[in-house]
Structure formats: structure tokens, C-alpha cells
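>>> my questions concern the predicted model and sequence given below.
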Amino acid sequence: MKQQGVHPEGAESTSDAAPRPDTTDEAREEVHIDEVEGDEPLLPARVHRPSDLMRLLVGVLAVALLLGIAAFAHGTTSGLEQDINKGTGQAPDLLIKIAGLASSIAILLVPVAFAIERLIKRDGLRIADGVLAAVLAHGVTLATDLWVAKAAPGSIQEALTQPSPGDIHALTDPVHGYLAPVIAYMTAVGMSRRPRWRSVLWIVLLLDAFSMLVTGYTTPFSIILTVLIGWTVAYGTLYAVGSPNVRPTGRTLMAGLRHVGFRPVSAAREEGPEAAESDRGRRYFVTLEDGPPLDVTVVDREQQAQGFFYRAWRNLTLRGFATRSSLQSLRQALEQEALLAYAAIAAGANAPKLIATSELGPDAVMLVYEHTGGRTLDSLADDEITDDLLRNTWHQVQALQSRRIAHRRLAGDAILVDRSGAVILTDLRGGEIAAGDLLLRMDVAQLVTTLGLLVGAERAVASAVGVLGPDAVADCLPMLQPIALTRSTRATLRRLARERAQREREAVLEASQQAKQARLEAAGHDTAPVVLEKPDKKAVRAEARAEKRAIDDALEEAREEDLLTQIRHEVLLIRPQAPVEPARLERVRPRTLMSFIAGAIGAYFLLTQLTHIEFGPLIANAEWGWVAAAVLFSAVSYVAAAMALLGFVPERVPFPRTVAAQVAGSFVKIVAPAAVGGVALNTRFLQRAGVRPGLAVASVGASQLFGLGCHILMLLSFGYLTGTEKTPSLSPSRTVIAGLLTVAVLVLVVTSVPFLRKFVVTRVRSLFAGVVPRMLDVLQRPQKLVTGIGGMLLLTACFVMCLDASIRAFGDESTSLSIASVAVVFLAGNALGSAAPTPGGVGAVEATLTVGLIAVGLPKEVAAPAVLLFRLLTLWLPVLPGWLAFNHLTRKGAL
């Protein structure tokens with residue numbers, strides 16, 4: 001089939017004379033009534049199906065689970081094998097021999113016969129995929145046999161092998177060398193979609209497995225492992241090399257239309273080739289010999305699988321009412337779209353009229369609509385989007401909601417406007433009938449956001465209130481949050497946020513340049529004789545304050561509210577009592593999920609160290625003097641933290657209240673990751689203390705940045721001392737050298753890859769844009785700088801001495817460590833705790849500190865309780881005082 005030219009409106013034609021959707025009747029009469037062969041641009045020969053990847057992952061997990069059962073449930077596996085051997089031992093010998101002989105011959109003949117049949121039908125690609133999968137499965141089988149024989153635990157070896165009947169000194173194969181390749185072959189070639197071949201081959205496989213099991217040449221677990229390996233390798237091969245593309249072509253579409261009674265002349269794609277990457281189906285404009293044109297939507301399995309992982313993640317993290325099925329069957333998708341199309345028209349809404357449906361082979365379906373024409377709402381010019389058009393749009397949504405129909409995707413490209421100005425709602429495939437109130441309110445929130453992006457918040461809210469009423473619009477405010485909007489709308493909002501941030505940065509830079517230029521011009525107009533004298537500090541500070549004031553004023557003028565905030569303000573002007581608290585749509589937040597996983601891993605490692613420790617005698621023999629010292633060091637750390645913060649704040653802030661804020665941070669750390677909670681609390685505290693918001697953020701950022709530098713320097717310094725303290729020379733240890741080389745390699749990789757380099761440079765530049773000026777202000781006050789540096793060093797020293805005192809409380813002179821070793825372990829554990837997503841670094845810090853102390857030579861009987869005492873004093877016990885301090889500062893307006 002020949003590829004034809006491009007449609008005048010951007011549609012790719014499958015006809016030499018395919019008319020435009022708006023072609024007049026006179027022009028349409030000139031179209032040749034004979035079918036003209038043509039097709040859309042060539043589709044990719046192979047596609048990577050997400051379903052294949054999911055099956056691969058399921059197979060890997062099943063293999064791991066089977067090996068885990070074989071390793072830890074030895075009694076169960078032995079009992080199962082004995083029961084099976086007893087049951088099969090009564091089978092007649094003649095039957096066993098006949099079954100074994102027949103299955104051994106058929107298991108090779110059936111795949112070969114299927115391959116010949118496929119080659120005759122010119123489907124050699126599938127056979128090539130099957131052969132490749134069989135070869136890979138054979139390789140995995142050999143590797144598994146070698147691993148079981150040489151390195152596997154004894155329980156796994158006993159579950160997968162047994163003494164060979166022919167030679168009692170030899171063992172049977174853990175995995176069948178020919179059965180796994182056959183299973184991989186039959187799976188890769190797609191025999192499961194051909195019932196007759198599938199039935200024959202499964203009967204042969206079952207007979208072969210039965211005969212092998214009865215004659216004692218295999219075990220039940222070996223058969224299951226063989227099947228799983230063949231199945232998993234097959235889907236891994238299909239995902240790696242791709243499956244043959246079976247999407248229907250234009251010729252298939254034309255034949256399908258004739259099958260349901262139409263007489264098509266031509267078909268033209270109404271979207272570009274990128275539509276194939278969407279899950280909304282390919283859309284065609286079809287002309288007929290004797291009737292108006294049609295709009296045809298073709299949905300195949302590949303397009304339906306697009307966005308599968310995104311939908312699966314949404315289903316995992318969002319509550320059930322806010323999600324839809326991550327992967328429907330073609331029949332389910334066809335029935336849902338047809339049902340929604342009929343329901344929307346019955347409700348009185350303008351929607352495309354469905355007139356026919358049909359299957360296009362086993363892997364695609366088509367839906368035939370009457371041609372609607374028109375342009376999408378987001379393609380209209382600004383002056384074409386009138387108030388009447390906005391009200392008409394809301395009337396269509398009101399018609400759907402009157403019958404409890406949720407559209408679920410009211411984006412700009414789902415709303416068509418024809419020549420008469422009528423609004424047509426399309427893309428009903430993801431909708432829902434008998435929808436609940438929350439889904440209907442989500443539709444209102446989505447549409448008011450879509451219209452706000454086009455005409456602004458004021459007109460969007462006014463049009464909604466004019467049709468739905470103020471109460472219905474006010475009820476949608478809890479749903480006005482990014483997670484309730486469509487994917488494309490969220491992407492647009494993120495792009496607008498980046499543009500706003502860029503404009504604010506440009507305004508700040510321009511104000512700074514203007515202030516410097518004004519200062520230079522003022523200095524140029526000064527005609528007084530130049531006298532070399534010490535600059536006036538008061539004048540310098542006054543100029544710096546004037547420049548900061550100009551920057552703050554420019555930033556305040558350039559600051560813009562985001563669209564969702566503007567919509568809320570417009571609704572609150574009409575209904576001041578409207579609910580504004582966002583509704584809880586998330587079942588589990590990504591941060592919560594990561595915290596749970598990290599906490600579980602950390603708890604596992606910690607519990608493994610505690611299982612063999614007897615805490616009774618250990619606590620009875622503890623040195624309580626060192627426990628008291630650890631408590632003292634923990635208390636002093638809050639004073640040091642206050643010094644570290646105030647050292648980077650030039651403004652005057654009360655020191656006692658700052659110490660109380662650091663104590664309150666102990667409570668905040670339990671409900672947020674350590675690095676996030678402390679930053680947010682300190683920023684809020686400084687703002688309440690009278691520091692401008694921008695300067696408060698810059699002060700906390702400067703403190704964090706300087707603390708990071710000190711942390712790295714101290715880690716390298718103490719690591720160097722730890723490596724040299726046991727050797728007479730000053731050469732560093734191999735571990736330190738390896739760590740430095742690793743860091744150097746990472747820096748080299750980041751600077752060599754353009755994407756990573758741009759990412760790092762952008763983040764660092766945005767960080768230094770506000771932090772560096774603040775650090776320059778601090779450098780002009782040596783007293784502040786000394787306070788900040790001294791506070792950071794004192795803070796680290798307090799934590800190191802607290803950990804050292806905890807170790808001495810449970811150990812003796814023979815188990816004590818050097819301060820350098822303790823410092824290295826603490827600094828590494830603290831760094832991991834700051835990076836871990838768990839609140840306070842729970843799990844990650846305990847595991848890191850315990851493993852680190854054991855690695856530097858401390859017995860685990862001392863390391864585990866010492867770490868628990870350290871974390872008890874620095875994390876858990878301060879929670880109650882932190883809660884009291886947090887409530888006190890909140891009542892005083894300091895937080």
C-alpha cells in the first residue's frame with residue numbers, strides 16, 4: 001500500500017482524493033467512488049509491551065518465592081515429596097512407559113509442527129522469537145544447574161534434586177534441560193492465543209512431567225521451577241527484543257467498515273503519528289460512497305497499554321473513587337466507551353453519536369461515530385472564546401451531572417466547538433456512570449482550571465457560577481488540587497510555575513543591577529577631592545540595606561499567584577464561607593511509601609543485630625555515669641544548634657527563643673524527614689522573628705550549605721585519621737583512597753554527561769542565587785561568623801561525645817574506640833539519616849551506626865545497645881519536650 005500525501009488540516013491521508021472534514025457536498029461529489037488503496041505512515045515493526053514486563057517481574061518474584069520456600073520450609077517440601085511419591089508409586093508400569101515414550105516424542109514434534117505451520121503463513125518473526133527464547137532458557141537452565149550443584153544451600157539442593165534411579169551416587173537435574181526451552185518457545189511464539197495448539201502442547205507437557213515424576217527423575221519443586229524459568233525467560237525476551245506489531249492498518253479498517261455495512265472510499269488520520277503513543281486510540285476521518293462522513297476510533301492492545309505504569313501508580317496511591325482500571329480488556333474498553341456515549345446523549349449533552357462497533361481481529365476494536373467536525377477548545381484564539389461559549393460549555397457539563405455522569409477528563413482537547421458555536425464533549429472513554437459526589441466535584445474543578453488556563457480565573461469562575469450556581473462551584477474547592485487534575489493540566493501548571501519563578505529571578509537581578517548602577521552614578525557625580533581613608537562602615541551598611549530593600553520590593557512586585565490560588569480567591573469573594581481545606585485523595589503518599597520501605601529495611605538490619613543479645617545482664621552492668629554524660633551532651637546540642645543558626649542571621653533574634661525552637665525541632669523530626677522538618681521550622685521561626693521571608697530562606701540555606709561543607713571536611717579528616725592511627729606512617733587507608741576515587745569518578749561522570757551537568761548546575765545556581773549574598777553579609781560581621789562556625793563544630797562534638805559516652809556505658813576499656821573512629825561512624829550515619837525519607841532517619845540511622853561500629857571493631861553486643869541509647873537520647877526522649885516547646889512557641893506567635 002502506498003503512503004500518500006498529508007491532509008490539508010494535518011491529517012495523513014489514506015486516499016488520493018480524501019476530502020477535508022469541512023468539504024462541501026459539491027466537492028464531495030467529485031471524489032472517486034472506487035476505493036483507492038492507501039495507508040497511514042509505517043508503524044514500527046516491533047513494540048515493547050508493558051504487559052510483557054509485568055509478566056517478567058511476576059515470574060522473577062515467583063522464582064524467588066519458590067526458592068525461599070525451598071530454603072526455609074524444608075519440612076514442608078520433604079513431606080510434599082513423600083506424599084506425591086506415595087500417590088504416584090501405584091501407577092501401572094506399562095502406562096508410565098507409554099506416557100513417557102509418547103510425551104518424549106511429542107514434546108519435540110509439536111513445536112516443530114507449529115513452526116512449519118507459521119512459516120507457511122509467513123509468520124517467521126514469531127518463530128525467530130521463540131527460538132531465541134528457547135536458547136536463552138537453555139542457558140539459564142545450565143546456569144541454575146551449576147548454581148544448585150556448587151553454591152546453593154543444602155535445603156534448596158534437597159528440594160530440587162534427588163538420587164538418580166540409574167545411579168544412586170548421582171543427582172537428578174534441578175531444572176529440565178529440554179522442558180524449560182520448550183515452554184519458553186511456546187510462550188514466545190504465542191501458542192496461548194491458539195486454543196488447539198495450546199491444548200495439545202500442555203497435554204504433552206503434563207504427560208512428560210508426570211512420567212518424569214513417577215520414575216523418580218525429578219521433584220515437584222524442580223517441575224515448578226522449570227515452568228517458571230521457561231515462562232519468565234520468554235516474556236523477558238519478548239520485552240527486550242519487542243513483539244511483532246499487530247496493529248490494524250488502514251486496509252484492515254476499510255475491510256472492517258465494509259463488514260458492518262458501510263461503503264468507505266477513503267480514510268485519513270486526524271492526528272499525527274504521535275497519536276500512536278496515546279491511550280485514546282487512533283482516530284480516522286472516513287468518507288463514504290453514499291452518505292455523510294464518519295469519525296472512527298481504533299483501539300488496539302498496544303495503545304491501550306500506553307500509560308499502564310502511570311495508571312497503576314495512580315491506583316496504588318489514590319483512593320478508589322479517584323482512579324480507574326489500570327489495564328482493561330479490549331471488550332471492557334469497547335463496552336465502557338459505548339455505554340458512556342449512549343448515556344451522554346440520553347442525558348441531553350452534545351456528544352458524538354455512536355452508530356456501530358466491531359472487532360478488527362483479535363487485538364483491536366473500532367467505534368464508528370457520526371462526523372462532528374469542529375476545533376478543540378484549546379486551539380481557539382483568545383477572542384473566539386466568548387462568554388456565551390463558556391456558558392455553553394458549562395451547560396453541557398451540567399447535563400452530564402444531572403444524570404450522575406462523570407467525564408473524568410475535561411481538558412481543552414476533549415471539548416470541540418463546531419462552526420455554529422455549539423460545544424461537543426468528546427473523549428468519554430474514561431468516564432463513569434452513577435458517579436459519586438466527589439467525582440462530579442472533580443469534574444467541576446477540572447473544567448474551571450481548564451477554562452482558567454484559557455481565559456483567566458475571573459471569567460472561568462464567573463461562567464461556572466452563572467450556570468451551576470455559587471454553591472456547586474464552592475463545593476469544588478476541596479478538589480482544586482493538582483493531584484485531582486488531568487496529567488496534561490498538571491504539566492501545564494508546572495510549566496507556568498517555572499515561568500513565574502524565572503520572571504521573579506529576572507526581576508531580582510534587574511533590581512540589583514539598577515541599585516548598583518545608581519550607586520556608581522552617585523559616586524560619579526561626587527566631585528569632591530579623592531582622599532584615601534578607611535571606608536565608612538555605616539555608609540556601606542546603609543548602601544547594602546538600600547540594595548536589599550530594592551530587591552525585596554522588586555520581588556514583591558514580580559510575585560504572582562498561581563492559577564489555583566487565583567481561582568480560590570475568586571470563589572471566596574462570592575462564598576466567603578466556602579470550604580478550602582483540600583480533600584484527602586491520596587491513599588498513600590509516595591513519601592509515606594518510601595518511609596515505610598526504608599524503615600522496614602532499617603528495622604530488619606537492626607533486629608538481626610539484637611536477636612542474640614541478652615539485655616538483662618547488659619543493663620545491670622551498665623555504667624550509669626556515662627549514661628548521665630550522654631544525657632548532658634544531648635542537652636548541650638540544642639544550644640549548639642541555636643548558635644549554628646543565629647551565626648548566619650545578621651538580624652537580632654532572641655537566643656533563648658531560638659534554643660526553644662531547636663527543641664521544638666525534636667518533635668517536628670518525628671513527623672517529617674530530618675532534613676526537611678528542621679529547615680521548614682527554622683525558616684518559619686525566623687520569619688516570625690521579623691526576618692523577611694526571602695532573607696529567612698537564605699539564612700537557613702546558608703547555614704545548611706556551610707554545615708554540609710563542614711560535614712564533608714570533618715568526615716574526610718576523621719576518616720584520614722582513622723586510617724592512619726593504626727599505622728606508623730601517615731599514609732591513608734585503602735578505604736579512604738577508594739572513597740575519594742569513587743567521589744572523583746562520580747564528579748567526572750556528572751560533568752561529562754550534558755543532562756546531569758545541566759541538572760546540577762541549575763540546582764546549584766538557584767541555591768547560590770540567594771545564599772551567597774547572605775553569606776557575604778555574614779562575612780562582614782566576624783562575631784556572627786565565629787558563632788555560626790563554633791555552633792556547628794560544637795553540635796558535631798556533642799553528638800560524637802554522646803555516642804562515645806553511650807558506647808562506654810555498655811563497654812569497658814578493652815572495647816572502647818578512638819574519638820576519630822566514633823566521629824567517622826556518626827558522620828556517615830548522620831549523612832544517611834538526612835538523605836533517608838523516613839522521619840528522623842528512623843531505621844536508616846540505627847542500621848548505619850550499628851553496622852559502622854561493628855565494622856570498626858566494636859562487638860555487636862555493645863554496638864547495638866549503645867546505638868539504641870544514643871537514639872533514645874537524641875531522637876525519642878526529646879519528643880515530649882519538643883511538643884511542649886512547639887505548642888508554647890505557637891501560642892506566642894513564634895511559629
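Here it is on my side, so go on.
>>> quick check: phi and psi on R282?
phi -90, psi 140 (degrees, to the nearest 10).
>>> is it true that it touches V298?
Yes: when contacts are counted by CB atoms under 8 Å, R282 is listed as touching V298 (4.7 Å). C-beta: built from backbone N, CA, C; applies to glycine.
>>> shared neighbours of these two, anything?
Taking CB atoms under 8 Å, 6 or more residues apart in numbering as the criterion, R282 and V298 do not both touch any residue.
>>> residue ranges of the helices in the stretch 701-850 of the chain, please?
Secondary structure of the stretch 701-850 of the chain (DSSP state H, counting those that start in this stretch): helices at 734-752, 754-779, 782-810, 819-835, 844-855.
>>> gap between the two ends of stretch 114-128?
13 Å (CA to CA, to the nearest Å).
>>> would you map the strands across the stretch 201-350 of the chain?
Assignment of strands within the stretch 201-350 of the chain using DSSP state E, counting those that start in this stretch yields the ranges 243-244, 264-269, 282-288, 294-300.
>>> hey, least reliable of those by pLDDT?
Sorting the strands of the stretch 201-350 of the chain by mean pLDDT places strand 243-244 lowest, at a mean of 70.
>>> any idea which helix is longest in this structure?
Using DSSP state H, we find that the single longest helix of the chain is helix 487-525.
>>> show me what that helix is packed against.
Applying 3 or more CB pairs under 8 Å, 6 or more residues apart in numbering; DSSP states H and E, one finds that helix 487-525 contacts helix 437-455, helix 537-558, helix 563-574, helix 754-779.
>>> next SSE after the lowest-mean-pLDDT helix or strand in the chain?
Within the chain, no helix or strand scores below helix 25-29, which has a mean of 37 by mean pLDDT, DSSP states H and E. Tracing the chain past helix 25-29, the next element assigned as helix or strand by DSSP states H and E is strand 46-47.
>>> what mean pLDDT does that next one have?
The predicted model gives strand 46-47 an average pLDDT of 71.
>>> sheet partners, orientation included, of that strand?
Applying DSSP bridges to the sheet, strand 46-47 is found paired with strand 243-244 (antiparallel).
>>> CA atoms only: put stretch 847-856 into PDB for me.
Provided in PDB are the C-alpha atoms of stretch 847-856 (Å, rounded to 0.1, in the frame of the first residue of the first chain):
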ATOM      1  CA  ALA A 847      21.300   0.300  60.900                       C
ATOM      2  CA  THR A 848      24.200   2.500  59.700                       C
ATOM      3  CA  LEU A 849      25.500   3.300  63.100                       C
ATOM      4  CA  THR A 850      25.300  -0.300  64.300                       C
ATOM      5  CA  VAL A 851      27.000  -1.700  61.200                       C
ATOM      6  CA  GLY A 852      29.600   1.000  61.300                       C
ATOM      7  CA  LEU A 853      30.500   0.400  64.900                       C
ATOM      8  CA  ILE A 854      30.800  -3.300  64.300                       C
ATOM      9  CA  ALA A 855      33.000  -2.600  61.200                       C
ATOM     10  CA  VAL A 856      35.500  -0.500  63.200                       C
END
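>>> need the mean per-residue confidence for that stretch.
Rounded mean pLDDT across stretch 847-856 is 83.
>>> show me what counts as buried in that stretch.
Buried residues in stretch 847-856, counted by 16 or more other CB atoms under 10 Å: 847-854.
>>> that's all I had, so thanks and see you.
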